[in-house]
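> Would you be able to build a 3D model of this:
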Amino acid sequence: MRIHFIAIGGAAMHNLAMAVAAKQGYTVTGSDDEIFDPALTHLREAGLLPASMGWHPELITKDIDAVILGMHAREDNPELKRARELGLRIYSFPEYLYEQTRDKTRIVVAGSHGKTTTTAMILHVLRRLGIEADYMVGAQIEGFGRMVRLSDTARYAVFEGDEYLTSPLDLRSKFLWYHPHVAVITGIAWDHINVFPTFPEYVETFRKFADSIEPDGRLIYFGGDENLCRIASNARADITCVSYKEYDGSVEMGVFGRHNMQNLQAACLACGAIGVKADDFYKAAASFTGAANRLEKIAETAGSVAYRDFAHSPSKLKATVQAVREHHPDKQLVACMELHTFSSLMADFLPQYKGCMAEADKAFVYFNPHVIEHKRLTPITADEVRQAFGTENVEVFTSSAGLQERLRRLNYRNSVLLLMSSGTFDGIDSRSFAGELLERDC
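Below is the predicted model of the structure:
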């Protein structure tokens, strides 16, 4: 089989490319107009890095068995155009995952927040218990070499279910392709306003996800979410609906926070659906230390600690700040977040952030006006952002250098530094920067 990836440099795409290349009898090629680390290094080490950047329609030939189209590619992509002219089979990323696992029992974790961590918990436990599974997860997990695995031997497949668009040719949510036997929805909090301009439209895609569950399947949902309760109450009669709250038992883990105790309970029920006993689950889960960039400890001294987190949407931001506050009640909490995603930089969406950083002692919000210009959004001001967050502890910066200078002026003795972004604060190496700040005042 010869498989060609258009836009191979994406986070999910390059991991899928490596997973496919690892299968016996598969030859993988790919292209992209720009590739950055870590994808650049990963593809080079795997021997899959394109010889030159750019789109090369002459490489699309009749002997290609399938083309996998990444979201980064546009509908007028020259290679895509050539593939269509030749009548080649074109898959989106999620469509191909489904095709490769259609004979397996699929567990899919969806939700506006917590889906990466919950998926990682499930995979960690299955691995510890010796249960083989294929998977796709949106972050690096300790002990797992890649973010995607496909095999001919696993009976189960565990996917993180993303509600964002499938591909330039398919504007449905990715998770609608997976047709789970066991579905988890962790919660619904409005996101991706560019795709779902109203909250009801956003909720509707999760209703469709619930309706995509295989016959006689199972829906596991957070019972504290009224929209999920409504979706469950209207689910098909053949679907078994199971609600959960946060785990309230005693288990020592490498993660903390109420949201993670909710994730833990969801993961336990998902594993239980394929026969894992609760006692075995919690014993195996005790060694879980989290997924990369999800409340990940990046620096520590005798009296202070720093974490980084992927939090960027209002619900994620609030849950992360609250978790750190509760875990370190006697320390000064310095919370810093970046408005980086399309939704977070839209003036109409900003009010959703009201009170999200209220529990921090000092809170800093950063955004780059050039990113807004690049995304062709209506400009926003620092004052508008400050008013949207709505608490006196928030300072807003539009210069990464200015933000770093302000953070360097603080004293971090007996403090927690929390850096939250789906980006990099425009080039900050969070691990070294946090270490520099904490070591200075230890």
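
> how many other residues sit next to R207?
Neighbours of R207 under the rule other CB atoms under 10 Å: 16. In this view, the C-beta of every residue, glycine as well, is placed from N, C-alpha and C.

> The one 10 residues further on too?
The tally of other residues near G217 (other CB under 10 Å) stands at 21.

> Name the nearest residue to it, ignoring sequence neighbours.
H181 (4.9 Å; CB to CB, 6 or more residues apart in numbering).

> Then R258?
R258's closest residue in space is E246 (CB to CB, 6+ apart), at 5.5 Å.

> burial of that neighbour, as a residue count?
16.

> Same check on the one 10 residues further on?
Here the count is done by other CB under 10 Å, and F256 has 15 residues near it.

> ok, now F367?
By the other CB under 10 Å criterion, the neighbourhood of F367 contains 22 residues.

> Now do the same contact list for it.
338-340, 344-345, 380, 385, 396, 398 (CB atoms under 8 Å, 6 or more residues apart in numbering).

> Please determine how far it is located from T61.
45 Å (CB to CB, to the nearest Å).

> Would you format the contacts of F367 as CSV with distance to K23, neighbour count and secondary structure included?
As requested, the contacts of F367 are exported to CSV (distance: CB to CB, whole Å; neighbours: other CB atoms under 10 Å; DSSP: H, G, I helix; E, B strand; the rest coil):
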residue, distance to K23, neighbour count, secondary structure
E338, 38, 26, strand
L339, 40, 25, coil
H340, 35, 18, coil
S344, 38, 24, helix
L345, 40, 23, helix
I380, 46, 19, coil
V385, 47, 22, helix
V396, 49, 21, strand
T398, 47, 17, coil
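
> where exactly do the helices run in the stretch 151-300 of the chain?
199-211, 226-233, 258-272, 278-285 (DSSP state H, counting those that start in this stretch).

> which residues sit in contact with the most centrally placed residue in the chain?
Centroid-nearest residue in the chain, with CA atoms, centre = their mean: G138, separated by 4.7 Å. Applying CB under 8 Å, 6+ apart, we find G138 in contact with 11-12, 115-116, 119, 147, 160, 162.

> Output stretch 270-278 as PDB, nothing but the C-alphas.
Below are the C-alpha coordinates for stretch 270-278, written out as PDB (Å, rounded to 0.1, in the frame of the first residue of the first chain):
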ATOM      1  CA  ALA A 270     -14.900   3.700  30.000                       C
ATOM      2  CA  CYS A 271     -12.500   1.000  31.000                       C
ATOM      3  CA  GLY A 272     -15.200  -0.800  32.900                       C
ATOM      4  CA  ALA A 273     -17.300  -0.900  29.800                       C
ATOM      5  CA  ILE A 274     -14.700  -3.300  28.200                       C
ATOM      6  CA  GLY A 275     -14.300  -5.400  31.400                       C
ATOM      7  CA  VAL A 276     -11.700  -3.700  33.500                       C
ATOM      8  CA  LYS A 277     -12.600  -4.000  37.200                       C
ATOM      9  CA  ALA A 278     -12.700  -0.700  39.200                       C
END
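
> next one: whichever strand or helix holds G402 to chain centre, how far?
Using DSSP states H and E, G402 sits within helix 400-408. Relative to the mean C-alpha coordinate of its chain, helix 400-408 is positioned 27 Å out (CA atoms, centre = their mean, to the nearest Å).

> other SSEs contacting that helix?
strand 332-338, strand 362-366, strand 394-397, helix 430-440 (3 or more CB pairs under 8 Å, 6 or more residues apart in numbering; DSSP states H and E).

> Many thanks, we can stop here.
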